[in-house]
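1. my questions concern the predicted model and sequence given below.
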Amino acid sequence: MTDTDTPRSFHPELLKGETWLITGGGTGIGRSTAFLAASLGAEVFIASRKIEKLQPTADEINASGGKCSAITCDIRQPETIESAVDSIRERCGTINVLVNNAGGQFPTPAQSLSVKGWDAVIRNNLSGTWYMTQAVATRCMIPGDGGSIVNIIADVYRGFPGMVHTGAARAGVDNLTKTLAVEWAPNKIRVNAIAPGIIASSGLKQYPPALIEQSQRAIPFKRLGETIEVAQPIVFLGSSAASYITGTTLYVDGGSRLWGDLWPIPDPK
């Protein structure tokens, strides 16, 4: 299944009349989610620091009959977030669904991680998610009729050896998800998270092929996930089909959280 395929399990007008904001929507999971949401009737906004990374996806969605706009937004800078959210609100009235997909990390042993590297990943993956979430909630969802927030984290079920920085950040977002699900329930805001396993996308290019091959062998399904296989549960949790689900983290990982060793443990010295 590709980005442009609509799963038969979704009604073609499931998201009709809704406005979706997807951060990091130009590639990978964000791109697949944008295509799927637009194909189901949503007006989609994809956001990133560099609009040139977004525009091809927006153009393809519009050419296929969907509605998608690319906007510039740095999730590390609250003032740019506020400007982006206000512009969408002025155009569409509100934001019904926020997908916090933007983020980034790099593999490194914990003892080699620099202060700069730690701060950059925490700021992007944890702080940026919070800045965006708070802005959309306070400007659109709390004053309005509620909404749905889906946070994209990572498979941190057994920790994240080899990427301690993003493991800590994503675990923070997992707790943020649970906390806000309770605090904002009276405002009719649902907050859930998706924890993808190893997904075949452009983001894997920075990792050694041997590591990817080893990781694939450690997945019970014995294959990498596809971006559309993550986009589908994102759309489910964001939509009214999940109207009684909040505070949940759904692992989309082919069972890898339950089995397999991804980090070699040397014998004690």
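-> Right, received. Where do you want to start?

2. using PDB, list the CA coordinates for whichever strand or helix holds Ala37.
-> Assigned by DSSP states H and E, Ala37 belongs to helix 28-39. This file holds the C-alpha atoms of helix 28-39, laid out as PDB (Å, rounded to 0.1, in the frame of the first residue of the first chain):
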ATOM      1  CA  GLY A  28       7.900   9.600   6.000                       C
ATOM      2  CA  ILE A  29       5.100   9.000   8.500                       C
ATOM      3  CA  GLY A  30       3.900  12.600   8.300                       C
ATOM      4  CA  ARG A  31       3.600  12.500   4.500                       C
ATOM      5  CA  SER A  32       1.600   9.300   4.600                       C
ATOM      6  CA  THR A  33      -0.700  10.700   7.300                       C
ATOM      7  CA  ALA A  34      -1.200  13.900   5.300                       C
ATOM      8  CA  PHE A  35      -2.200  11.900   2.200                       C
ATOM      9  CA  LEU A  36      -4.600   9.700   4.100                       C
ATOM     10  CA  ALA A  37      -6.300  12.500   6.100                       C
ATOM     11  CA  ALA A  38      -6.800  14.500   2.900                       C
ATOM     12  CA  SER A  39      -8.200  11.500   1.100                       C
END
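
3. next, the angle from the helix or strand following that helix to helix 28-39.
-> Where DSSP H and E defines the elements, the next helix or strand beyond helix 28-39 is strand 43-48. In terms of direction (axes from the mean of the first three to the mean of the last three Cα atoms, to 10 degrees), strand 43-48 departs from helix 28-39 by 160 degrees.

4. next SSE after strand 43-48?
-> Following strand 43-48 in sequence order, the next helix or strand is helix 55-63 (DSSP H and E).

5. got a list of contacts for that next one?
-> Here helix 55-63 makes contact (Cβ atoms under 8 Å, 6 or more residues apart in numbering) with 4, 25-27, 31, 34-35, 38, 44, 46, 67-70. Yep, even glycine has a C-beta here, placed from its N, CA and C like the rest.

6. hang on, the earlier thing: what's the helix holding Ala37 in contact with?
-> Helix 28-39 is touched from outside by 3-4, 6-7, 10, 12, 15, 20, 22-25, 44, 46, 57, 60-61, 64, 66-68, 97, 99, 101-102, 152, 196, 199, 201-203, 227-228, 230-232, 234-235, 238, with contacts defined as Cβ under 8 Å, 6+ apart.

7. likewise stretch 126-137?
-> With contact meaning Cβ under 8 Å, 6+ apart, stretch 126-137 is reached by 21, 23, 75-78, 81-82, 85, 95, 98, 100, 102-103, 147, 149, 151, 168-170, 172-173, 176, 180, 184, 187, 189, 191.

8. 7 Å instead, please
-> Residues from elsewhere that reach stretch 126-137, judged by Cβ atoms under 7 Å, 6 or more residues apart in numbering: 21, 23, 75-76, 78, 81-82, 85, 95, 98, 100, 102, 149, 151, 169, 172-173, 176, 184, 189.

9. quick check: Val111 vs Val121, distance?
-> Quick fix: residue 111 reads Gln, not Val. 16 Å (Cβ to Cβ, to the nearest Å).

10. same check on Ile212?
-> Distance from Ile212 to Val121, by Cβ to Cβ: 20 Å.
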